[in-house]
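Chemist: model this:
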Amino acid sequence: MLKRIFQIVQKEFIQIRRDTGMKRMIVLAPLIQLLIYGYVVATEIRELPMVVLDYASSAESRRLIERFVASGYFTVEGHVENLNQMTDAINKDRAMLGLVIPSDFAQNVRRGVTAKIQLLVDGSNSNTATIALGYAGGIIAAENNDLLEYNFRRRGFRLIEAGIQQEERVWFNPSLRAINYTVPGIICVLLMEVMVPLTAFSIVRERERGTIEQLMVTPIRAGEMLVGKTLPYVVIGLFDAMLILAAGTFWFGVPIAGSMVGLFGYILLFIVVSLGMGIIVATVVKTQQQAALSAQFAMVPNILLSGFMFPIESMPEAMQAFTRILPMRYFLVIVRGVIMKGLGFAQLWDQALALAIIGTIIFSLSWYRFRKVFG
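Modeler: Numbers count the residues shown, from 1 in each chain. This next block holds a predicted model:
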């Protein structure tokens with residue numbers, strides 16, 4: 001039995017070595033996607049383009065504009081002369097935010113009365129617009145505090161800073177780098193994006209070429225064929241995981257706080273689950289084109305609903321319940337827990353158990369489907 005399995009494994013590696021496209025998919029695709037995800041998928045937004053309509057043209061208005069720029073969250077793309085030009089800049093996506101400073105702004109600031117400004121925000125991207133308004137609100141609040149302190153001192157009063165004082169301590173990600181949070185999630189996404197299609201393509205390709213029928217008439221059993229065809233992709237999955245972790249650590253500077261041995265144990269479990277999903281896909285389709293579309297159908301819910309892109313807590317209750325059957329939901333918690341928090345099995349056993357149960361169900365179903373179709 002072991003000899004027959006080894007021969008299938010050897011045959012699979014020979015096919016992989018001869019397939020140039022698959023080699024690119026195994027090595028280049030994860031690295032390219034890691035770079036794209038690492039630089040693009042981030043919760044922090046900086047240098048939002050803005051245009052300014054400054055009717056006051058005063059030292060006070062220039063100080064406020066400089067405060068927006070100095071924050072690093074905004075960059076001034078230009079000054080306009082009227083609201084029509086500002087509207088045109090926002091409509092043509094040259095600006096995300098418009099800052100309108102009225103003519104009496106400086107006068108009101110000097111008198112110590114309310115000085116109004118107007119913020120025009122492009123709300124077509126509601127998430128970015130909300131973040132932009134939050135940044136602007138913080139900048140204006142800081143300017144108000146400075147003006148309040150200045151007015152008190154100008155009148156000969158001393159401002160006593162009393163009340164509540166906060167002391168901040170950020171755990172697990174002291175620098176608050178968004179990339180430290182996104183890279184562990186990217187590892188989960190890339191492993192699934194590589195494992196599910198590769199397994200499905202491998203089996204469907206055998207069917208298209210007619211070689212799987214030749215294997216079926218040999219003494220090789222369906223179980224031996226399944227093990228022999230999946231073992232090479234387990235090795236490939238572990239190789240890709242090492243590749244992605246190395247790139248994340250040395251290129252993006254993401255530290256790994258937990259045990260590498262434990263992490264690769266969880267990765268191995270997730271690879272087996274992903275391979276099971278790929279086998280199920282291969283047993284319900286007949287061509288590689290169908291396999292590609294079906295693999296996407298299996299992967300997209302895992303990516304969108306696992307918590308990688310959107311918090312599960314913000315989803316509707318029915319959707320939150322649905323996420324409980326998605327393996328990537330649990331694997332994402334495990335990977336972030338090990339890499340960012342240094343957690344071990346004592347803290348992650350419940351997530352690992354849920355992933356193992358789902359993996360057992362998926363692989364049992366894939367075994368049943370494979371034996372039924374190719375047995």
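Chemist: from here on, just use CA atoms for contacts and neighbour counts.
Modeler: OK.
Chemist: ok, longest helix in the protein?
Modeler: Taking DSSP state H as the criterion, the chain has its longest helix at helix 178-209.
Chemist: which parts of that helix are buried?
Modeler: For helix 178-209, the neighbour count (16 or more other C-alpha atoms under 10 Å) marks 179-205, 207 as buried.
Chemist: need the contact list for M299.
Modeler: When contacts are counted by C-alpha atoms under 8 Å, 6 or more residues apart in numbering, M299 touches 192-193, 196.
Chemist: actually R329, sorry about that
Modeler: By C-alpha under 8 Å, 6+ apart, the neighbours of R329 are 302, 305-307, 323.
Chemist: hmm, back to that, minimum pLDDT in the contacts of M299, which residue is that?
Modeler: Across the contacts of M299, the bottom pLDDT score, 86, is held by E193.
Chemist: for that one, which non-adjacent residue is spatially closest?
Modeler: For E193, ignoring the flanking residues on the chain, the nearest one in space by C-alpha to C-alpha, 6 or more residues apart in numbering is M299 at 7.1 Å.
Chemist: I'd like the contacts of R329 as JSON lines, with pLDDT and neighbour count appended.
Modeler: Compiled in JSON lines, the contacts of R329 are given as follows (pLDDT from 0 to 100; neighbours: other C-alpha atoms under 10 Å):
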{"residue": "N302", "pLDDT": "89", "neighbour count": "21"}
{"residue": "L305", "pLDDT": "89", "neighbour count": "21"}
{"residue": "S306", "pLDDT": "89", "neighbour count": "27"}
{"residue": "G307", "pLDDT": "86", "neighbour count": "20"}
{"residue": "T323", "pLDDT": "92", "neighbour count": "21"}
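Chemist: among those residues, which ones are in helices?
Modeler: 302, 305.
Chemist: now the contacts of R329 as TSV including distance to Q351?
Modeler: Shown next, in TSV, are the contacts of R329 (distance: C-alpha to C-alpha, whole Å):
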residue	distance to Q351
N302	16
L305	16
S306	13
G307	14
T323	13
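Chemist: return the member of the contacts of R329 nearest to L343.
Modeler: Among the contacts of R329, G307 lies closest to L343 (C-alpha to C-alpha), at 18.8 Å.
Chemist: ok, now which ones touch the closest residue to L190 other than its chain neighbours?
Modeler: The spatial neighbour of L190 that comes closest, neighbours along the chain excluded (C-alpha to C-alpha, 6+ apart), is P30 at 6.1 Å. P30 makes contact with 190, 194, 240, 244, according to C-alpha under 8 Å, 6+ apart.
Chemist: tell me the domain ranges of this structure?
Modeler: 7-41+174-374, 48-154 (automatic domain parsing).
Chemist: deepest in the core, which of these is it.
Modeler: domain 7-41+174-374 (a mean of 18; mean count of other C-alpha atoms under 10 Å).
Chemist: what about it, distance to the chain center?
Modeler: Mean C-alpha position of domain 7-41+174-374 versus that of the full chain (C-alpha atoms, centre = their mean, to the nearest Å) differs by 16 Å.
Chemist: and the helices in the chain?
Modeler: Using DSSP H, helices in the chain cover 2-18, 20-40, 59-70, 83-91, 105-111, 126-154, 178-209, 211-216, 222-250, 260-284, 288-305, 317-322, 327-336, 345-374.
Chemist: what's in contact with stretch 190-201?
Modeler: Counting by C-alpha under 8 Å, 6+ apart, 25-26, 30, 33-34, 230, 233, 237, 240-241, 271, 274-282, 288, 291-292, 295, 299 sit against stretch 190-201.
Chemist: low-confidence ranges, the stretch 201-350 of the chain, go.
Modeler: Scanning the stretch 201-350 of the chain for pLDDT under 70 picks out the ranges 210-220, 222.
Chemist: excluding chain neighbours, what is closest to A257?
Modeler: Nearest non-adjacent residue to A257, counting by C-alpha to C-alpha, 6+ apart: G342, 4.4 Å away.
Chemist: quick one, what contacts that neighbour?
Modeler: 256-259.
Chemist: redo these as a markdown table? Include distance to M315.
Modeler: Listed next are the contacts of G342 as a markdown table, based on distance: C-alpha to C-alpha, whole Å:
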| residue | distance to M315 |
| --- | --- |
| I256 | 30 |
| A257 | 30 |
| G258 | 30 |
| S259 | 32 |
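Chemist: which of those residues sit farthest apart?
Modeler: Using C-alpha to C-alpha, the two most remote members of the contacts of G342 are I256 and S259, lying 8.0 Å apart.
Chemist: okay, and the common contacts of these two?
Modeler: Between them, I256 and S259 share the contacting residues 338, 342, judged by C-alpha under 8 Å, 6+ apart.
Chemist: quick revisit: what's the spacing between the residue nearest to L190 and G38?
Modeler: In this view, P30 and G38 are 12 Å apart by C-alpha to C-alpha, to the nearest Å.
Chemist: go on, R205?
Modeler: R205 is 33 Å from G38, by C-alpha to C-alpha.
Chemist: for E167, which of the domains of the chain is the nearest?
Modeler: Using C-alpha to C-alpha, the nearest of those to E167 is domain 7-41+174-374, at 13.6 Å.
Chemist: pLDDT weak spots in the stretch 1-150 of the chain?
Modeler: 1, 41-44, 150.
Chemist: who's in contact with stretch 101-116?
Modeler: Applying C-alpha under 8 Å, 6+ apart, the set of residues contacting stretch 101-116 from outside is 52-61, 117-118, 147, 151.
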